[in-house]
Structure formats: C-alpha cells, structure tokens
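Trainee: what would the 3D arrangement of this be:
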Amino acid sequence: MKKIILLSVLFLSFMSAQAQFDFGIRAGVNFPNASFDDFKGNTNYEDVASGDRELGYHAGVFARIKLVVLHVQPELIFTHISHTAKAKAANGDESDIDISFNRIDIPLLVGKAFGPVNVKVGPVISFNVGEQSDVLENGLQNGSWGYQLGAGLDIGKFNLELRYEGPLSRTAETLRIDGENFQTDTRINQIIVGIGYELF
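Mentor: A predicted model of the protein is given here:
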C-alpha cells in the first residue's frame, strides 16, 4: 500500500511539473436544432417538427491544461439558443413556434494535439438562465447534460474550433402552444464554430 501511495504521489508530482496552463477567451456562433420525441398531441396539434438550423452565439472563457500526452480544457460559456420549429395542426396547417433561451455551458473536454491540429471530446453541463420564449413556459428544465466532440487548429495564440454537441438529457418536458401545454422530450443539438485567444 505504501508503495502504491508513493508511486501515486510521484506520478502526480511529475504530471504537475509537466503541466502547462493557458487561459483565454473564446466566442463564436452556433447552429442549433431540436428534436421532439414522444410528443403528446391532441385534436388541435398532432406533432411538432424541427425547422432549419438558425444562428445563435456564444462567448466565454477557457483554460487549457497541457499534460505530457493530452490536454484538459474546461470552459465557462454563455450561449444563446434560437430555433424555429413547426407545430403541425390536425387540419394539416403548420405554424412557427419560437424555441429560444439562454444558458451557461460548462464543457470539460479532453484533447490531443497532432502538431497545430487537435481533437477533443467530453461532457458538457448546461444551466438555463434569463428570459425564454413563451413556448417553453414552465417546461424548460433547470439544466441538462450533453457531450461535445470536435477538432481545432492552433495558430499562434489563436485557436479555431469546429464542434458538434449532442444531448444526453432533455431540455424541456413540455411545450406551450396557443395556451395549451403538450408533453414532449425536447432535446437540443448544435454545430459550434468558435475562435479562442490565449491571454496567458
């Protein structure tokens, strides 16, 4: 047991000595889409379908902890989600419904560099904050889990990144359409394009 503890301490000491910490800011655009599984319709509305990806935005800070082989990249990001879905009425008509809200995203990504190119993957937890569209009234969850994976390119102090974010839990459990609440499993996915700058 003593040998294991000693080896663990030596390993952690070595990793800490080899680690390099960078801190910076990042911002960009995101293109969200939504899925609406298990929609409980009625005689007024039978279903809700996804629309086209629309433009959102994000901004925040990141840290990059460079270890011997990998790097760990925690982030704190403000994200605006905006998406227009289609509510399908029983008579065949469609109407737009606005799915928009703000949230704080906290990704914890693990990456590996191949020269200036890097790949990364990891979980993200999101906390919904501020105003939201009426259709999400009382149905938006306080938070949700997801995952991000992507690739980046480091150019000096700048880094360009393209990521995909998928959902691991629901974003909203009900949608309010024309004064009626409909149960559904609403989940958000995104394509994320961002640029970061290392301050130090």
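Trainee: centroid residue for the chain?
Mentor: With distances taken as CA atoms, centre = their mean, residue 165 lies nearest the centre of the chain, 5.2 Å away.
Trainee: and the strands in this structure?
Mentor: Counting by DSSP state E, the chain has strands at residues 20-37, 45-49, 56-66, 71-89, 94-114, 117-132, 143-155, 158-167, 172-177, 180-198.
Trainee: in its sheet, what does the third one sit against?
Mentor: Sheet pairing of strand 56-66 (DSSP bridges) gives strand 20-37 (antiparallel), strand 71-89 (antiparallel).
Trainee: contact partners of it?
Mentor: Contact partners of strand 56-66, identified using CB atoms under 8 Å, 6 or more residues apart in numbering, comprise 19-32, 71-82, 105, 190, 192, 194, 196, 198. No exception for glycine: its C-beta is placed from N, CA and C like everyone else's.
Trainee: quick one: that strand to chain centroid distance?
Mentor: Relative to the chain's own centre, strand 56-66 is displaced by 12 Å; criterion: CA atoms, centre = their mean, to the nearest Å.
Trainee: need the winner for burial among the strands paired with strand 56-66.
Mentor: Neighbour counts (mean count of other CB atoms under 10 Å) averaged over each of the strands paired with strand 56-66 peak at strand 71-89, with a mean of 19.
Trainee: now that strand and strand 94-114, what's the angle there?
Mentor: Inter-element angle recorded for strand 71-89 and strand 94-114: 170 degrees (by axes from the mean of the first three to the mean of the last three CA atoms, to 10 degrees).
Trainee: avg pLDDT for strand 71-89?
Mentor: The average of the pLDDT scores along strand 71-89 is 95.
Trainee: output the below-cut-off pLDDT ranges for this structure.
Mentor: The model of the chain has pLDDT under 70 over residues 1-19.
Trainee: and the closest residue to residue 109 other than its chain neighbours, what are its bridge partners?
Mentor: In space, and not counting its chain neighbours, residue 109 is closest to residue 122: 3.8 Å by CB to CB, 6 or more residues apart in numbering. Assessed by DSSP bridges, residue 122 has beta-bridge partners residue 148.
Trainee: can you give me the neighbour number for residue 122?
Mentor: 16 (other CB atoms under 10 Å).
Trainee: touching, it and residue 106? I think so.
Mentor: No - the criterion here is CB atoms under 8 Å, and residue 122 misses it with residue 106 at 10.5 Å.
Trainee: any idea how far residue 83 is from the residue nearest to residue 109?
Mentor: For residue 122, the distance to residue 83 equals 24 Å [CB to CB, to the nearest Å].
Trainee: what's the answer for residue 93, then?
Mentor: Residue 93 sits 20 Å away from residue 83, taking CB to CB as the criterion.
Trainee: what do you get for residue 185?
Mentor: From residue 185 across to residue 83, the span is 15 Å (CB to CB).
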